[in-house]
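Trainee: Following is a predicted model, sequence given first.
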Amino acid sequence: MAVSVAINPHRLVGPWSGGYALDVHTTRSTMIGHNAFGHPVFDTVRSPLGELLYRLKNRGDESVVPEIVDTAAAFLRGRRVRFDALVPVPPSNTARKRQPVIAVAKALSDVLGVPVCEGCVTKTKSTAQLKDVFDFAKRTEILTGAFTVDAAKTTGKRLLLFDDLYRSGATVNAITTLLLTTGAAGAVYLLTLTQTRKLA
């Protein structure tokens, strides 16, 4: 049986009715030199949840999914907010065979007994990797027209928008706005597992 890890949740401000990141992704990152190729090497310390997410996304270790899900589910149950459906943010790295956001969303859906809204939000164009774009306005410009929503699945619904890592918030801002306007959602709440300490 999975056990939840200690977290430090904090509010995220945006167009959603309520939003939280469960913890920061890293607590410290110190440059310790360069490798043989001249690239900088960092000594990085992650939060407990950040470490689990790193193992899932960067090492492909799916054994950590139950622990991540248990942590997120315990937090959501404590908030006592009702959702009609869970909406995972469409993955930005489509080259991955298994998508971490989708894997966690489906497992979280099973634990909470709330359906994943399949096809609620669809990515309609490929975009640059936003982790390499540091200007919020530029990120927003890149995301213009990048998503479409199926209003037949979202009208009047209370939705939980779910993502793994919150950087600038440009993607979840764009999707939330689309869900509330074109999608006519009754309410959108946001949950991300971790947040970067700075835009990176």
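Mentor: Arrived safely.
Trainee: Test of understanding: give the bridge partners of Ala21.
Mentor: Ala21 has these beta-bridge partners by DSSP bridges: His10, Thr192.
Trainee: Which helix runs longest in the protein?
Mentor: Determined from DSSP state H, the single longest helix within the chain is helix 65-79.
Trainee: Return the helix or strand in the chain with minimum mean pLDDT.
Mentor: Ranked by mean pLDDT, DSSP states H and E, the weakest helix or strand in the chain is helix 136-143, scoring a mean of 62.
Trainee: returning to what we had before: how about the CA coordinates for the longest helix of the chain, as CSV?
Mentor: Taking C-alpha atoms only, helix 65-79 is exported to CSV below (Å, rounded to 0.1, in the frame of the first residue of the first chain):
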residue,chain,number,x,y,z
VAL,A,65,3.0,6.5,-9.2
PRO,A,66,1.1,5.1,-6.2
GLU,A,67,3.0,7.2,-3.7
ILE,A,68,2.5,10.3,-5.8
VAL,A,69,-1.2,9.6,-6.2
ASP,A,70,-1.7,8.8,-2.5
THR,A,71,-0.2,12.2,-1.7
ALA,A,72,-2.4,14.1,-4.1
ALA,A,73,-5.5,12.2,-3.2
ALA,A,74,-5.0,12.8,0.6
PHE,A,75,-4.6,16.6,-0.1
LEU,A,76,-7.7,16.7,-2.3
ARG,A,77,-9.8,14.8,0.2
GLY,A,78,-8.8,17.3,2.8
ARG,A,79,-10.0,20.2,0.6
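Trainee: Can you name every helix or strand that it contacts?
Mentor: Judged by 3 or more CB pairs under 8 Å, 6 or more residues apart in numbering; DSSP states H and E, the packing partners of helix 65-79 are strand 18-24, helix 48-59, helix 100-112, strand 187-195. Quick note: C-beta positions are derived from backbone N, CA and C, even for glycine.
Trainee: and it, average pLDDT?
Mentor: Taken as a whole, helix 65-79 has a mean pLDDT of 95.
Trainee: Which positions within it qualify as buried?
Mentor: Residues Val65, Pro66, Glu67, Ile68, Val69, Asp70, Thr71, Ala72, Ala73, Leu76 are the ones in helix 65-79 that count as buried (16 or more other CB atoms under 10 Å).
Trainee: so that helix versus helix 100-112, what angle?
Mentor: 60 degrees (axes from the mean of the first three to the mean of the last three CA atoms, to 10 degrees).
Trainee: which SS class is the residue of the chain most remote from its centre?
Mentor: Distance from the C-alpha centroid of the chain, by CA atoms, centre = their mean, peaks at Ala36 (33.7 Å). Secondary structure, DSSP: H, G, I helix; E, B strand; the rest coil: Ala36 is coil.
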